[in-house]
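J.: just a sequence and a predicted model for now, questions to come.
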Amino acid sequence: MIELASKLLDDPDAMPLLFSYGTLQRDDIQISTFGRLLSGQRDELVGYAPVLVKIEDPELAARLGKSHHNDVTFNGNDDSRVTGMAFEITDAELASVDGYEAEFFYERVVAQLASGRETWVYCHVPR
């Protein structure tokens with residue numbers, strides 16, 4: 001993971017790549033988070049499996065209209081894949097997503113995509 005992170009950070013001209021397997025694929029979330037619609041490509045997150053995380057805050061669950069968040073967990077199995085979208089975003093937009101995801105206790109980590117590209121992805125961190 002550290003080697004991948006250094007590759008993502010080495011090229012100052014490259015836009016960060018962000019993989020979304022959940023709500024950041026929704027137009028309304030993109031508009032509220034970035035002020036624009038994102039363009040991206042379908043891809044798969046390698047070595048991860050989908051899981052659900054219970055929303056413990058009843059007010060948040062009511063506001064979102066759901067009882068669980070989508071999440072992914074690393075298992076290291078190359079046959080495990082999570083389908084989603086890989087978006088190119090700016091550094092400022094990435095910082096904005098950090099704020100959005102932090103509200104739901106997600107942290108940004110580096111991961112490998114089936115296309116061979118490296119990406120940032122958010123995973124839930126139990127509190």
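T.: Cool, got the structure. Numbers count the residues shown, from 1 in each chain.

J.: show me what the longest helix along the chain is in contact with.
T.: In the chain, taking DSSP state H as the definition, the longest helix is helix 91-102. By Cβ atoms under 8 Å, 6 or more residues apart in numbering, the surrounding residues in contact with helix 91-102 are 16, 18, 24, 29, 33-34, 89, 107-108, 120, 122. C-beta here means a position set from N, CA and C on the backbone, and glycine is covered the same way.

J.: adding neighbour count and distance to L60, write the residues you listed out as a markdown table.
T.: What follows is the contacts of helix 91-102, written out as a markdown table (neighbours: other Cβ atoms under 10 Å; distance: Cβ to Cβ, whole Å):
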| residue | neighbour count | distance to L60 |
| --- | --- | --- |
| P16 | 18 | 27 |
| L18 | 22 | 23 |
| L24 | 22 | 17 |
| I29 | 16 | 15 |
| T33 | 19 | 17 |
| F34 | 18 | 22 |
| I89 | 22 | 25 |
| E107 | 12 | 18 |
| R108 | 17 | 20 |
| W120 | 21 | 24 |
| Y122 | 24 | 17 |
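
J.: narrow the residues you listed to those in helices?
T.: Counting by DSSP H, the part of the contacts of helix 91-102 found in helices is 29, 33-34.

J.: out of the residues you listed, which comes closest to M85?
T.: I29 (12.0 Å; Cβ to Cβ).

J.: pretty sure the closest one contacts T23?
T.: Yes - assessed by Cβ atoms under 8 Å, I29 is found in contact with T23 at 4.9 Å.

J.: mind listing what I55 touches?
T.: Counting by Cβ under 8 Å, 6+ apart, I55 touches 61, 64, 66-69.

J.: let's see that with 10 Å instead.
T.: 61-64, 66-69, 104-105 (Cβ atoms under 10 Å, 6 or more residues apart in numbering).

J.: what pLDDT does S6 get?
T.: pLDDT recorded at S6 is 44.
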